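A.B. asks: curious how this folds, go ahead:
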Amino acid sequence: MVSPEFVKVDKVFVAIASYRDKECQWTVRDLFEAAAFPDRIMVGICWQFDALQDTACFLEPYPYPNQVKVINVTLQQTRGACWAKSMALSLVTDEDYVLLIDSHMRFAKGWDAEMINMLKETGNQKGFLSSYPAGYEPPNQRRFNTPRLAPVKFFDRVMSQNSVLLDMSKPIVSYLMAGGYMFCERAMIEQVPYDPHLYFIGEEIAHAARFFTHGWVGYAPHKCLIHHYYTRKTSVKHWEDEKERWSKINAASYKRVRHLLGIERTSDELALVDIEKYCLGTERSLTEFQASIGVNFNAQVIDRKRHETLSAIQDAISNPVPPTATHEMSTLAVNACRSGYYLLPKLDAYIGKSLMEYGEWVEGLNTVFVELFKAGGVAVEVGAGFGAHTIPLARLAGRKGRVIAIEQSRRMVELLYANIALNAVDNVSVVHARLAATEGSAQVSEPIFTSNGNFGVISHQTDIDHKKYPLPVVQMDSQTYTRVDLLFIDTPGEVNDVLIGAKRMISTHKPILILNADNTKDAINVQNTAKQLGYTLWEYSCPFYSETNFFANKKNIFGGLRSHLILAASDSRDLTILSAKLIPAKERQ
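C.D. replies: A predicted model of the protein is given here:
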């Protein structure tokens, strides 16, 4: 029932992004003809078209031409749907309400007054209406239903949604939004401006998260007031006209969505344009949003049951709990860091933590690699872990070089293979073994990624349970190496044991040695062994935290923790350029 005395003072702005759409002219005509108060409607269109080819889009004159504002854009100028919607919304002035729609819609009689009444019926001053509307086929064959938005699946780690048909007696909370039907007070668009740097996929979940964290609540309309033309098989799409440009914009948009939702950090400048302006709010957290919609972004899990019935929806609204994955993947994440992409354990106390917070791990060590290891060389890394230093070493080695990454933990080896694949480096050979002074077999206590821990330190035992797979323990000297330019041993407490088993190889190839010295007793033994091999030793120390870290994170969570190393050269080179300190011969006795 329309209440003229209630809504007559209210003005509605209808924002439309239209891409070469012949239906747009009929959409504008229908929205004015069906409105209870057409004189209170203002329309803003971002028209993207080809002036020569799209004359059929402009055959029907607008019923209220003075109430239609247009931004005309060539096909070469447009940057996609969200950009066009942002342009259309830029035409809003003093209107009380905003309706964001697609360019192919039909309307129920009195839709404007009914939407205002329905929004007020929520009783929430920060509520908005949104859903996938019922469908229609041109010119005016309509379906009638009342869907509520619900998460459905993940595509390239970005959540997509669909709708569940419900018989609602009032607007029902959904927290989600649809880019083709959203009705709100003007204040929401002013507080949370539409992001023009998104392209298409991820538009809706990203904006829903932003609205939620800024304190706004989405509701599914319980009345069918608007219809959408879904099939559109013959309609031309932007990504068909601009395949090359679309691909670049779309890739950056995916990264932007994943970055915003905490799925994957990125440093891509194109993906982060004006990110501070289009960021999440602070009134509610991203975790609360996931709990409210029944999704775990990082675990890629959706609780679909909570959206199936009205009773399940009401239970979920009163007790929002995010679904959890039963698989350990819920404790892993992919981060875009200085050296590349890393699949890493999120509960790792040091290496994983540093990569997530700072986008790097002991970056001072990578500086050493740059100075001491050149393209085309061969590096052997013992204790490679999941590849935090393997990837930058591989990049330095180049196409003609090689990295041999040796790791004793099976779980770390699996992550290492994943990170090699993620970064498309094809010059890394992985060896699953433990290196020592004598050969044999051992059993590794594998890290459990669901618990907090220092996964950079792996323990083992020689009293083997033969029902489990035994790990081979080998000497480096038992392996065949035609060339080794750099040997990096990062097995705290076991470095000297590895070194003793590599004496012949070291004497033959004279590689630069980079040796973990965090364990004091082990470091003393290492110095003695390296001295016997004729090496000059240098002490090098680099902090876990750097103010110039990749993510420009000013918060130091590691305090004064440092990585202590011994750099060893068989020649007379001077390593003071690296701020390394020469260890006098008497200290190596």
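A.B. asks: nearest spatial neighbour of residue 86, skipping sequence neighbours?
C.D. replies: residue 196 (3.8 Å; C-beta to C-beta, 6 or more residues apart in numbering). C-betas here are computed from N, CA, C, even on glycine.
A.B. asks: which stretches of the stretch 351-500 of the chain have low pLDDT?
C.D. replies: 457-469 (pLDDT under 70).
A.B. asks: run the last query once more with 80
C.D. replies: 444-445, 448, 450-470 (pLDDT under 80).
A.B. asks: pretty sure the residue nearest to residue 86 contacts residue 90?
C.D. replies: No. Using C-beta atoms under 8 Å, residue 196 makes no contact with residue 90, being 9.3 Å away.
A.B. asks: who has more neighbours, these two?
C.D. replies: The residue with more neighbours, out of residue 196 and residue 90, is residue 196; 21 against 16, by other C-beta atoms under 10 Å.
A.B. asks: tell me the contacts of the more buried one?
C.D. replies: Residues near residue 196 by C-beta atoms under 8 Å, 6 or more residues apart in numbering: 79, 82-83, 85-87.
A.B. asks: separation between it and residue 159?
C.D. replies: 21 Å (C-beta to C-beta, to the nearest Å).
A.B. asks: same check on residue 208?
C.D. replies: From residue 208 over to residue 159 (counting by C-beta to C-beta), the distance is 9 Å.
A.B. asks: for residue 22, same thing?
C.D. replies: Taking C-beta to C-beta as the measure, residue 22 falls 32 Å from residue 159.
A.B. asks: what about those two, which has more around it?
C.D. replies: Using other C-beta under 10 Å as the criterion, residue 22 and residue 159 rank with residue 159 on top: 27 against 18.
A.B. asks: and the closest residue to residue 298 other than its chain neighbours, how many residues sit next to it?
C.D. replies: Setting aside the residues directly before and after it, residue 298 is nearest to residue 333 in space (C-beta to C-beta, 6+ apart), at 5.7 Å. The tally of other residues near residue 333 (other C-beta under 10 Å) stands at 21.
A.B. asks: what sits against residue 333?
C.D. replies: Listed by C-beta under 8 Å, 6+ apart, the contact partners of residue 333 are 263-264, 298, 343-344, 346, 356.
A.B. asks: all helices for the stretch 151-300 of the chain, in order.
C.D. replies: For the stretch 151-300 of the chain, the helices defined by DSSP state H, counting those that start in this stretch occupy 186-191, 203-213, 238-241, 243-260, 286-293.
A.B. asks: quick one, strands of the stretch 451-589 of the chain?
C.D. replies: 459-461, 471-474, 486-489, 512-516, 536-543, 562-569, 581-582 (DSSP state E, counting those that start in this stretch).
A.B. asks: centre of the chain to stretch 376-389, how far?
C.D. replies: Here the centre of stretch 376-389 is set off from its chain's centre by 26 Å, with C-alpha atoms, centre = their mean, to the nearest Å.
A.B. asks: sorry, slip of the keys, the one I care about is stretch 244-251.
C.D. replies: Distance of stretch 244-251 from the chain centroid (C-alpha atoms, centre = their mean) equals 17 Å.
A.B. asks: contacts for that stretch?
C.D. replies: Under the criterion C-beta under 8 Å, 6+ apart, residues 79-80, 199-201, 238-239, 270 lie in contact with stretch 244-251.
A.B. asks: ditto for stretch 520-540
C.D. replies: The contact list for stretch 520-540 (C-beta under 8 Å, 6+ apart) reads 368, 492-496, 499-500, 503, 506-507, 513, 515-517, 564-572, 575, 578-583, 585, 587-589.
A.B. asks: likewise for stretch 75-82?
C.D. replies: For stretch 75-82, contacts defined as C-beta under 8 Å, 6+ apart pick out 17, 19-20, 48-50, 84, 179, 194-200, 203, 238, 241-242, 246, 249-250, 253.
A.B. asks: from the residues you listed, keep the buried residues only.
C.D. replies: Buried members of these, scored by 16 or more other C-beta atoms under 10 Å, are 17, 19-20, 48-49, 84, 179, 194-200, 203, 238, 241-242, 246, 249-250, 253.
A.B. asks: got any ranges where the protein has weak pLDDT?
C.D. replies: Short version for the chain, where the test is pLDDT under 80: 1-9, 233-234, 236-247, 299, 324-330, 444-445, 448, 450-470, 585-589.
A.B. asks: my read is that residue 63 contacts residue 31, right?
C.D. replies: No. Using C-beta under 8 Å, residue 63 is not in contact with residue 31; the gap is 9.2 Å.
A.B. asks: out of these two, which sits in the more crowded spot?
C.D. replies: Using other C-beta under 10 Å as the criterion, residue 63 and residue 31 rank with residue 31 on top: 24 against 16.
A.B. asks: skipping adjacent residues, who's closest to that one in space?
C.D. replies: Residue nearest to residue 31 in three dimensions, not counting chain neighbours: residue 107, with 5.1 Å by C-beta to C-beta, 6+ apart.
A.B. asks: the one you found touches residue 36, doesn't it?
C.D. replies: No. Counting by C-beta under 8 Å, residue 107 stays clear of residue 36, with 10.6 Å between them.
A.B. asks: which of the two has more neighbours?
C.D. replies: Neighbour count, other C-beta under 10 Å: between residue 107 and residue 36, residue 107 has more, with 23 against 18.
A.B. asks: dump the residue contacts of the more buried one.
C.D. replies: Counting by C-beta under 8 Å, 6+ apart, residue 107 has contacts 30-31, 34-35, 225-227.
A.B. asks: do you know how far it is from residue 493?
C.D. replies: Residue 107 is 73 Å from residue 493, by C-beta to C-beta.
A.B. asks: also residue 316?
C.D. replies: For residue 316, the distance to residue 493 - C-beta to C-beta - is 50 Å.
A.B. asks: which helices and strands does the helix or strand in which residue 72 is found pack with?
C.D. replies: Using DSSP states H and E, residue 72 sits within strand 68-73. Here strand 68-73 touches strand 41-48, helix 81-89, going by 3 or more C-beta pairs under 8 Å, 6 or more residues apart in numbering; DSSP states H and E.
A.B. asks: angle of the first one against helix 81-89?
C.D. replies: Going by axes from the mean of the first three to the mean of the last three C-alpha atoms, to 10 degrees, strand 41-48 is angled at 140 degrees with respect to helix 81-89.
A.B. asks: list the strands paired with strand 41-48, with their directions.
C.D. replies: Its sheet considered, strand 41-48 pairs with strand 12-19 (parallel), strand 68-73 (parallel) by DSSP bridges.
A.B. asks: send the alpha carbons of the shortest one over as PDB?
C.D. replies: Right, strand 68-73. This file holds the C-alpha atoms of strand 68-73, laid out as PDB (Å, rounded to 0.1, in the frame of the first residue of the first chain):
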ATOM      1  CA  VAL A  68      18.100  12.300 -16.800                       C
ATOM      2  CA  LYS A  69      21.800  13.100 -16.500                       C
ATOM      3  CA  VAL A  70      24.200  11.300 -18.800                       C
ATOM      4  CA  ILE A  71      28.000  10.800 -18.900                       C
ATOM      5  CA  ASN A  72      28.900   9.600 -22.400                       C
ATOM      6  CA  VAL A  73      31.900   7.300 -22.700                       C
END
